[in-house]
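**Q** below are the sequence and a predicted model; questions follow.
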Amino acid sequence: MSEEKKSLNFIEQIIEEDLANGLPKEKLRFRFPPEPNGYLHIGHAASICLNFGLGLTYNAPVNLRFDDTNPAKEEQEYVDAIKHDIQWLGFKWDKELYSSDYFQQLFDWAIEFIKEGKAYVDNQSSEEMAKQKGTPTEHGTDSPNRNRSIEENLDLFMKMKSGEFNEGSHVLRAKIDMKHVNMHMRDPIMYRILKKHHHRTGDDWCIYPMYDWTHGESDYIEQISHSICTLEFKSHRDLYDWYVDQVYDTNLLRPKQREFARRNLSYTVMSKRKLLQLVEEKIVTGWDDPRMPTISGLRRRGYTANSIRTFSETAGISKRDNVTDVALLEHCIKDDLNKTAPRVMAVLDPVKVIITNYPEDKEEILTAENNQEDENAGFREVPFSKEIYIEKEDFREEANKKFFRLKLGKEVRLKNAYIIKAESCIKDENGEVTEIHCTYDEDSLSGSGSEASKRRVKGTLHWVSIKHARKAEVRVYDRLFTHEAPDSQKDKDFKEFINPDSLNVIEAFVEPSLKTAKNLDRFQFQRLGYFCVDKDTTANKLVFNRTVPLRDSWAKMGQ
RNA sequence: UGACCUAUGGUGUAAUGGUAGCACUCCGGUUUUUGGUAUCGUCAGUCAAGGUUCGAGUCCUUGUAGGUCAACCA
């Protein structure tokens, strides 16, 4: 047992401090609060792993609360997708809740605010109010409606609620301080009129509470001890505290908001708005396009939940802006799949090999190890015959000593099969090799134990028997953007950096054992990379997505 | 011309006044029936200047750089 002490991140340190200062451990409670207006991405995964991870380490409940206060943008489709993604990531929430569950309570509190002179109805235009709001360096000025009587406020607010006013004509504002240095404290809007159908409350309401007014009170209602969000909400904290303090009963727990830096990944974008744009403009095929950094995209690409959790854990959390190298994510999936993915042979760019001294109609069923990293993975059968495909790049008529693959007059090992020697090749009018004629060493069968089978040959190639191979569509993905931080260039639109070669569709040949592969099954195509069965697969057509290529030190040598 | 936040190898993070560590990337060696994996190793860092202290990445001051804040969005 290694007793290495894991260092705490700054959120855990805050919790430890609170515990040390008397917060009972059983009062610990967290929440993950997505707005159902888009799909979850790898950045959200950081937050999910943080919050649910805290729940696990402290044995505390974690609520899933949909922040659904804006019916103009939110949809049930997103709610369903978000729930699926969180479950797929392997986390269980305590209660499934909605901010809209608290609309009545929020409304009742708003009435109290009005009665206590802490809120008023304003019927100026948004432009007027914006002007009065001031700037970060100049004070705001009071609204002419700031000192309406309580009776008038109550009357107007009830009329807002009953639908007597048009959208945009009236708002309820908290009466705080128009001269506050924090702009969020300059009489923020609590309610606006929105005559929209809500995915849960239907047409019950035509006034909807704003985020700030809703979020802290929701945390308070649920008795969330630590409300963790991203850095851009830091300046909202004053307002969060102010709202909670107005209703806070000292017998109850007062939630605490703390902020961490959102996780950015190189060569992609993380804002929901931009991801939506990629979807709507059909730059990608959908939210789950395997090139998207969404959870659903990564899943379809072949990423495991485990690899995403490991990534979030390894990347850690802090308060500084960051762009994490996508190589770390790729390392996490390769590490996971190396241990778990069955090995299989597939040829993506085929050239025909004829083994001239192999009997014409002979077929052999060879045995292949499924995964040498996993002794329980077992073996499978792979058919062999006189004509096979190998990769074009695995043959050269002549090459220097660093080329371990097939070349005229030299031998290579066919993985799980025989040692072959290239004797000659046939080329078309363009000089392209179309056929390679080889001889095989009959005694060299892999695993046969014969003297010849133990001969050391430098190169080993993967292959498929032409007669037995299945055709498959293979989608070879590359990064979606050519720039490390596509949305960091102030004078350029992120779409200028779209990689035109982010998808390459190939017709490949795969070994017949793959015919039963099902959606989301993951394999290592030996010597090539990890591949995952796509949902477009049908009974007649196999489709694979390339998750990530294997490390290729040959290519790195500049070959 | 304000308030707040943040500055540690190329990247992401640790060190809570006491030996600057880990992971990824890169590069090199060994092993290998995957040019994979594994394994060993190399290079590489405290934004700057002052101050406090026996001792500062850590505390203080002043700079510098980056970020956030002025939606009836969240």
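**A** On my side now, so go ahead.
**Q** what does the stretch 1-150 of chain A put close to RNA strand B?
**A** Residues of the stretch 1-150 of chain A lying close to RNA strand B (CB under 7 Å from any atom of the strand) are A:7-10, A:13, A:35, A:67, A:69-70, A:72-73, A:124-126, A:129-130, A:133, A:135-137. Quick note: C-beta positions are derived from backbone N, CA and C, even for glycine.
**Q** just those residues: which are in helices?
**A** A:F10, A:Q13, A:S126, A:M129, A:A130 (DSSP state H).
**Q** between those residues, which is nearest RNA strand B?
**A** Lowest distance from RNA strand B to these (CB to the nearest atom of the strand) belongs to A:S126, with 3.4 Å.
**Q** domain map for chain A?
**A** Domains of chain A are assigned by automatic domain parsing as A:2-262, A:272-342+A:472-556, A:353-462.
**Q** thought A:D288 was touching A:Y303?
**A** No - counting by CB atoms under 8 Å, A:D288 stays clear of A:Y303, with 11.8 Å between them.
**Q** the more surrounded of the two?
**A** A:Y303 (26 against 19; other CB atoms under 10 Å).
**Q** quick one: that one is in a strand?
**A** No - A:Y303 sits outside any strand when classified using DSSP: H, G, I helix; E, B strand; the rest coil, being coil.
**Q** and it, what pLDDT?
**A** Note for A:Y303: predicted pLDDT of 98.
**Q** what is the neighbour count of A:T310?
**A** Residues lying near A:T310 (other CB under 10 Å) number 19.
**Q** ok, it - contacts?
**A** Applying CB atoms under 8 Å, 6 or more residues apart in numbering to A:T310 gives the contacts A:C332, A:D335, A:D336.
**Q** what average pLDDT does stretch A:377-388 get?
**A** 97.
**Q** do stretch A:350-367 as well
**A** 97.
**Q** next, the buried residues of that stretch.
**A** In terms of neighbour count (16 or more other CB atoms under 10 Å), stretch A:350-367 has its buried residues at A:P350, A:V351, A:V353, A:I355, A:Y358, A:L366.
**Q** also stretch A:546-559?
**A** A:R546, A:T547, A:V548, A:P549.
**Q** ramachandran coordinates for A:S448?
**A** Main-chain dihedrals, A:S448, degrees, to the nearest 10: phi -80, psi -20.
**Q** err, A:E507, not the other one
**A** Dihedral angles (degrees, to the nearest 10) for A:E507: phi -100, psi 120.
**Q** hang on, the earlier thing: report the buried members of the ones in helices among the residues of the stretch 1-150 of chain A next to RNA strand B.
**A** Counted by 16+ other CB under 10 Å, these give A:M129 as buried.
**Q** farthest pair within the ones in helices among the residues of the stretch 1-150 of chain A next to RNA strand B?
**A** By the measure CB to CB, A:Q13 and A:S126 form the most distant pair in those, at 41.6 Å.
**Q** which positions in the stretch 201-350 of chain A make contact with RNA strand B?
**A** Counting by CB under 7 Å from any atom of the strand, the stretch 201-350 of chain A sits next to RNA strand B at A:208, A:210-212, A:215, A:231-236, A:261, A:266, A:314-325, A:327-328, A:331, A:334-335, A:338, A:343.
**Q** and those residues, which are buried?
**A** A:208, A:210-212, A:215, A:233, A:236, A:266, A:315, A:317, A:322, A:324, A:331, A:334, A:343.
**Q** break down chain A into its helices, ranges please.
**A** A:10-20, A:42-57, A:76-88, A:103-115, A:126-132, A:150-162, A:211-222, A:237-247, A:272-280, A:295-301, A:305-315, A:326-340, A:553-556.
**Q** now do the first one against helix A:42-57, angle only.
**A** Looking back up the chat, that one is helix A:10-20. Helix A:10-20 runs at 30 degrees relative to helix A:42-57, counting by axes from the mean of the first three to the mean of the last three CA atoms, to 10 degrees.
**Q** pull out the buried positions in helix A:10-20.
**A** Going by neighbour count (16+ other CB under 10 Å), the buried part of helix A:10-20 is A:I11, A:E12, A:I15, A:D18.
**Q** just the third one next, same as before
**A** Buried residues in helix A:76-88, defined by neighbour count with 16+ other CB under 10 Å: A:Y78, A:V79, A:A81, A:I82, A:K83, A:D85, A:I86.
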